[in-house]
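> 3D, please:
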Amino acid sequence: MTVTVPVPTMPRRRKDPSQIRQPAGGEKKVLLAAPRGYCAGVDRAVIAVERALEHYGAPVYVRKEIVHNRHVVDTLSEQGAIFVDETDAVPEGARVVFSAHGVSPAVHAEAATRSLDTIDATCPLVTKVHREAVRFAKRGYSIVLVGHAGHEEVEGTMGEAPEAITLVQDPQEARTVDLPDTDKLVWISQTTLSVDETMETVDILRERYPHLENPPSDDICYATQNRQVAVKKVAPAADLVIVVGSANSSNSVRLVEVALEHGAKASHRVDFAREIDEEWFHGVATVGVTSGASVPEVLVQDVIRLLADYGYTDVEEVRTAEEDLIFSLPSELRKDLKAAAGS
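Predicted coordinates:
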């Protein structure tokens, strides 16, 4: 099941594609990466807001963006969702959904003091990282969290054990950070990072702190990894890679970087097809297309239609993995829906 979204306005009329310098041989094609778009955690979170609106009626408040995608947030706003930065903006006793990125225990506590009815749409894979942080802190470990400062997921994870966690953002910080003098040192990570850069960061840390332990399982989510693997497959053959996704979507931004690192001559991120610049097509024979894990497929298809207008009608899907994971709805919502069905 996916979110029902209206088709956004298509791009304004552009100049005749024949006026754009064509690649040698004139052959044009699209390499469409797969997997792409929605992951199970995003699908669950968006459906949770939709079902809450259907069941309880508008308004339903949502703390932060439910997922990092402008189109999804705008669409849910039109349906009656009200997005707020913090729980203190939610009226006492009202209903609030926590986003897929997770929240700290302090946010849960504040919601309780305001008698808010909460629906926790945190991705289960993010919840796994939260539990790792709690478990390691209880066992006396100092924890290195590889992630980006200011990201909601990082803030939520650090809130689980703030006294035990040190944030390291990239390989540069890994070379200079001073970690606690202890034999009990472990790393965990934000789920939406570049796999390659994360391991580079960890390798640098381990050179300086050889006793640094690994988490019991990989923290970077399956969807993030799958989308990066697919882009790595497409990039070497692409003159241009277009990534559909929002600027605040960590995994979408990483896809641009991965494409460039693995052979794409150019790569750009857009929220909508209308943002594509016709200048990008000069001399381009092969265009790679993918999307971040919070992007509905309708936005990708808008890009495909635009590319067809410019003569890129040969579309080949490059699939590197199959995804069939489905997460159940948040327990609070499931309970109320079940009760309503039985009444």
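> my guess is residue 305 contacts residue 274, does it?
No: taking C-beta atoms under 8 Å as the contact criterion, residue 305 and residue 274 are not neighbours in contact, 11.5 Å apart. The way it works is simple: take the backbone N, C-alpha and C, and place the C-beta from them, glycine included.
> Let me know the secondary structure of residue 225.
helix (DSSP: H, G, I helix; E, B strand; the rest coil).
> So which residues make contact with the helix or strand containing residue 75?
When elements are assigned from DSSP states H and E, residue 75 belongs to helix 70-79. If you take C-beta atoms under 8 Å, 6 or more residues apart in numbering as the criterion, helix 70-79 is touched by 3, 5-6, 8, 46, 49-50, 53, 58, 62, 65-67, 83, 246, 271-272, 294-296, 299.
> Likewise for stretch 308-315?
17, 20, 27-30, 32, 278, 281, 287, 304.
> Inside strands: which ones of those?
Within the contacts of stretch 308-315, membership in strands is found for 29-30, 32, 287, as judged by DSSP state E.
> follow-up on the earlier one: of the contacts of helix 70-79, buried ones?
3, 5, 8, 46, 49-50, 53, 62, 65-67, 83, 246, 271-272, 294-296, 299 (16 or more other C-beta atoms under 10 Å).
> Give me the subset of these lying in strands.
Helix and strand membership here follows DSSP E; of the buried ones among the contacts of helix 70-79, those in strands are 62, 83.
> which helix is the longest one in the protein?
Longest helix in the chain, counting residues (DSSP state H): helix 40-56.
> Report the buried residues of that helix.
If you call a residue buried by 16+ other C-beta under 10 Å, then helix 40-56 has these buried ones: 40-53.
> Just among the contacts of stretch 308-315, which is most surrounded?
Each of these was scored for neighbours by other C-beta atoms under 10 Å, and residue 287 scores highest at 27 neighbours.
> Quickly list what it is bridged to.
In this structure, residue 287 has the following beta-bridge partners (DSSP bridges): residue 30, residue 240.
> which residues touch it?
Counting by C-beta under 8 Å, 6+ apart, residue 287 makes contact with 28-31, 238-242, 281, 307, 312.
> want to throw those residues into JSON lines with pLDDT?
As requested, those are arranged in JSON lines below (pLDDT from 0 to 100):
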{"residue": "28", "pLDDT": "97"}
{"residue": "29", "pLDDT": "97"}
{"residue": "30", "pLDDT": "98"}
{"residue": "31", "pLDDT": "98"}
{"residue": "238", "pLDDT": "98"}
{"residue": "239", "pLDDT": "98"}
{"residue": "240", "pLDDT": "98"}
{"residue": "241", "pLDDT": "98"}
{"residue": "242", "pLDDT": "98"}
{"residue": "281", "pLDDT": "97"}
{"residue": "307", "pLDDT": "98"}
{"residue": "312", "pLDDT": "98"}
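> So which of the residues you listed is the closest to residue 228?
Minimum separation from residue 228 among the contacts of residue 287 (C-beta to C-beta) is found for residue 241, which lies at 12.2 Å.
> thought the closest one was touching residue 230?
No: Residue 241 is beyond contact range of residue 230, at 10.9 Å (criterion: C-beta under 8 Å).
> quick one: which of these two has more around it?
Counted by other C-beta under 10 Å, residue 241 and residue 230 do not tie: residue 241 has more neighbours, with 28 against 25.
> Next, find the distance separating that one from residue 264.
Separation of residue 241 from residue 264 (C-beta to C-beta, to the nearest Å): 4 Å.
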